[in-house]
Structure formats: structure tokens, C-alpha cells
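Undergrad: The following block contains a protein sequence and its predicted model.
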Amino acid sequence: MNSGLIKLVVIIIIGIVVLSILNIDVRSLLDNKLIHKNFSFLWDNLKDIYGYLKKPVNLIWGVFYNDVWLTLIERTE
């Protein structure tokens, strides 16, 4: 569990270093109202899409997991 957190921290640090090399000010990006509006629009639409797809995806996952995955696991034991 800790290795996942460490990987995330390393990726964030590398991302900030790359942005610094490209002379991009992270603070100005975070303060930009247009970026906030765009991410808000994207987040709202992703929530709507997730709302529509949640039931079918869970159904397909349940069928796959119960009928295919568990069967394969049982056969290999």
C-alpha cells in the first residue's frame, strides 16, 4: 500500500519538475478561472456519464467476475 503512495508522490514531483523546465507557473495555472471553468465542465460531464454507465458496467463486471474470473481461478487451483 505504501509503494502506491510513494509512486504517486514521485510522479507528482516529476510532473512539477517537468512543468518547471517548461517555464510553466503551477500557481498561475491553479489560479486561472478559465481552467477552473473547464475542469468544472469536464467533471460535471464525467459525473453524468458515470451516472448513466454505472449500472451496465457493474452488471457486466459482475457477470465477468462471477462467471469467468472465479471459474478460471477455481480451475487453476
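TA: Arrived safely.

Undergrad: what's the helix or strand that contains residue 63 packed up against?
TA: In this structure, residue 63 sits in helix 33-63 according to DSSP states H and E. On a contact count with 3 or more Cβ pairs under 8 Å, 6 or more residues apart in numbering; DSSP states H and E, helix 33-63 meets no helix or strand. Any C-beta I mention is one placed from the backbone N, CA and C, and that applies to glycine too.

Undergrad: Go through it and flag the buried ones.
TA: Buried positions in helix 33-63, judged by neighbour count with 16 or more other Cβ atoms under 10 Å: none.

Undergrad: Could you do stretch 64-71 as well?
TA: Quick answer for stretch 64-71: no buried residues (16+ other Cβ under 10 Å).

Undergrad: mind saving the C-alpha coords of it as PDB?
TA: The C-alpha atoms that make up stretch 64-71 are tabulated as PDB, following Å, rounded to 0.1, in the frame of the first residue of the first chain:
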ATOM      1  CA  PHE A  64     -17.400 -11.400 -15.900                       C
ATOM      2  CA  TYR A  65     -16.100 -11.700 -12.300                       C
ATOM      3  CA  ASN A  66     -18.600 -14.300 -11.200                       C
ATOM      4  CA  ASP A  67     -18.900 -16.400 -14.300                       C
ATOM      5  CA  VAL A  68     -15.500 -16.100 -15.900                       C
ATOM      6  CA  TRP A  69     -12.900 -15.000 -13.400                       C
ATOM      7  CA  LEU A  70     -13.900 -17.100 -10.500                       C
ATOM      8  CA  THR A  71     -14.300 -20.100 -12.800                       C
END
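
Undergrad: Could you identify the helix or strand that succeeds the helix holding residue 63?
TA: Remark: after helix 33-63, the chain's next helix or strand is helix 70-76, criterion DSSP H and E.

Undergrad: Name the residues that touch that next one?
TA: By Cβ atoms under 8 Å, 6 or more residues apart in numbering, no residue outside helix 70-76 reaches it.

Undergrad: quick one: average confidence on it?
TA: Mean pLDDT, helix 70-76: 82.

Undergrad: what pLDDT does residue 47 get?
TA: At residue 47, pLDDT is 92.
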